[in-house]
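*Asks:* here is a sequence with its predicted model. Questions after.
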Amino acid sequence: MHISRCKQSTMEFSLNKLFLNPLVSALALLFIATTSLNPASASKRCDFPAIFNFGASNADTGGLAASFPFAAPKPPSGDTFFRRPAGRFCDGRLIIDFMAQRFGLPYLSPYLDSMGSNFSRGANFATAGSTIRLQQAAVQYRTSPFSLGIQYQQFERFKPTTKFIRDQGGVFAALMPKEEYFDEALYTFDIGQNDITVGFFGNTTLQQVNASIPDIISNFTSNIKNIYNLGARSFWIHNTGPVGCLPLILTNFESAERDKYGCAKSYNEVARSFNQNLKEALAHLRKDLPTAAITYVDIYSAKYSLFRDPKKYGFELPLVACCGYGGKYNFSNSVGCGGTIKVNDNDIFVGSCERPSVRVIWDGVHYTEAANKVVFDQISSGAFTDPPIRLNMACHRK
């Protein structure tokens, strides 16, 4: 590129003046190196045209409800935002809903729901109770038959089927994603909590649950590779949250040692072990899949901050379920949110607390919309990701 003599002299003077100061010089070199080595920081934001989500109840927008209506969330679930049960185990929106909103996309339709679904901007394969590994034996803790491997197979079928429908034309073609969206989409994952929780409620020790984690993670990364082989390039992968802070765990394992915030210490340690194994596995996966953008999201730390410093975020009684019944944590194994229990010959409806907006936990296992929004704001900023990158910059660069 030709630069005029006058402009060239001005640039040389500015650069000479800049590099006379060692500190400024070092900062300038750091900026140049950073923008050269990290294309994302020097590029425009990612405009993901679609989201394809895989996971369990923390990201289920109605898959389990469509498959097993008897297991669907009941009122007052959904009251805060949808004003009705909307297939979500929450009083309102989930993190995946806020992600869709961030990119101006509609809320994701569940793949398993045949009633009024619109897949033009993505699909949700998550179902409540899903695990990474398919569970072979029945346990006290209920799981879904739609493991991550099954969700991958559903996506494997979904992609060519959408092409067939588009090619046929007609009214349904407009409800399918465009072919190029599969390469350009964001692929999100929130799964793993049920794998370790199954161990807690099975006939296994915490040490045995820990010992199972490498195999769980290996299964996880194998499915990520399979989805990559179908064209996925931009991955946003949540680790698992602080399960030891959930009323489900606190009620069922009363003798477990508590940390200074009231969470079951040893159960959170298992979650952290899962997360460390996942983080290391994704680091290796980046080497195996150099053309993929893989972002590890520390959902654990973002969620734990709500228990560590609830007042900072406007919450109170962080360990107590909003929608539940009985005991210190307002949680019971015998009746869930929206159920009815007989007490002294009276039917008691298990409803919502007065102000869900100041509660962290909705039903003893899942978070309120208010908590989900705080967590989303934290993780989307890049403060809890590896590499440290904002959600709107986490795309694969061609």
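*Replies:* Now that the structure is in, tell me what you want to look at.

*Asks:* do a quick rundown of the strands in the stretch 51-200 of the chain.
*Replies:* Secondary structure of the stretch 51-200 of the chain, counting by DSSP state E, counting those that start in this stretch: strands at 51-55, 122-124, 186-190.

*Asks:* adding mean pLDDT, distance to Arg272 and mean neighbour count, write the ones you listed out as JSON lines.
*Replies:* Every C-beta, even on glycine, is put in place using the N, C-alpha and C of the backbone. Converted to JSON lines, those look like this (pLDDT from 0 to 100; distance: least, CB to CB, whole Å; neighbours: other CB atoms under 10 Å):
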{"stretch": "strand 51-55", "mean pLDDT": "99", "distance to Arg272": "20", "mean neighbour count": "28"}
{"stretch": "strand 122-124", "mean pLDDT": "98", "distance to Arg272": "28", "mean neighbour count": "29"}
{"stretch": "strand 186-190", "mean pLDDT": "98", "distance to Arg272": "17", "mean neighbour count": "27"}
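
*Asks:* now render those strands as TSV, adding distance to Lys178.
*Replies:* Shown next, in TSV, are these (distance: least, CB to CB, whole Å):
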stretch	distance to Lys178
strand 51-55	13
strand 122-124	11
strand 186-190	15
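
*Asks:* which among those strands is found nearest to Ser77?
*Replies:* When the strands of the stretch 51-200 of the chain are compared by CB to CB, strand 122-124 sits nearest Ser77, at 16.9 Å.

*Asks:* what does that closest one contact?
*Replies:* Outside strand 122-124, the residues that touch it by CB atoms under 8 Å, 6 or more residues apart in numbering are 50-53, 59-63, 96, 100, 105, 108-111, 117, 155, 158, 177, 181, 185.

*Asks:* check contacts around Ser332.
*Replies:* 251, 324-326, 341.

*Asks:* next: Ser67.
*Replies:* Neighbouring residues of Ser67 by CB under 8 Å, 6+ apart: 112, 127, 146.

*Asks:* drop anything exposed from the contacts of Ser332.
*Replies:* The neighbour count (16 or more other CB atoms under 10 Å) marks 251, 324-326 as buried among the contacts of Ser332.

*Asks:* list the buried residues in stretch 290-308.
*Replies:* Within stretch 290-308, judged by 16+ other CB under 10 Å, the buried ones are 292-308.

*Asks:* filter those residues down to just the ones in strands.
*Replies:* Mapping those onto strands (DSSP state E) picks out 293-297.

*Asks:* which ones among the buried ones among the contacts of Ser332 map onto helices?
*Replies:* Thr251 (DSSP state H).

*Asks:* adding distance to Ser357, write the buried ones among the contacts of Ser332 out as a markdown table.
*Replies:* Converted to a markdown table, these look like this (distance: CB to CB, whole Å):
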| residue | distance to Ser357 |
| --- | --- |
| Thr251 | 24 |
| Gly324 | 17 |
| Tyr325 | 21 |
| Gly326 | 23 |
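
*Asks:* and which of the buried ones among the contacts of Ser332 is nearest Cys337?
*Replies:* Distance ranking of these against Cys337, using CB to CB, places Gly324 first at 6.2 Å.

*Asks:* that closest one is in contact with Asn330, isn't it?
*Replies:* Yes - if you go by CB atoms under 8 Å, Gly324 and Asn330 touch, sitting 4.1 Å apart.

*Asks:* okay, and the common contacts of these two?
*Replies:* With contacts defined as CB under 8 Å, 6+ apart, the residues adjacent to both Gly324 and Asn330 are 247, 364.

*Asks:* if we can go back for a sec, now, among the ones in strands among the buried residues of stretch 290-308, which is nearest to Ser255?
*Replies:* Out of those, the member with the shortest distance to Ser255 (by CB to CB) is Val297, at 32.4 Å.

*Asks:* so what's that closest one closest to, chain neighbours aside?
*Replies:* Computed as CB to CB, 6 or more residues apart in numbering, the closest residue to Val297 that is not its neighbour in sequence is His238, at 4.7 Å.
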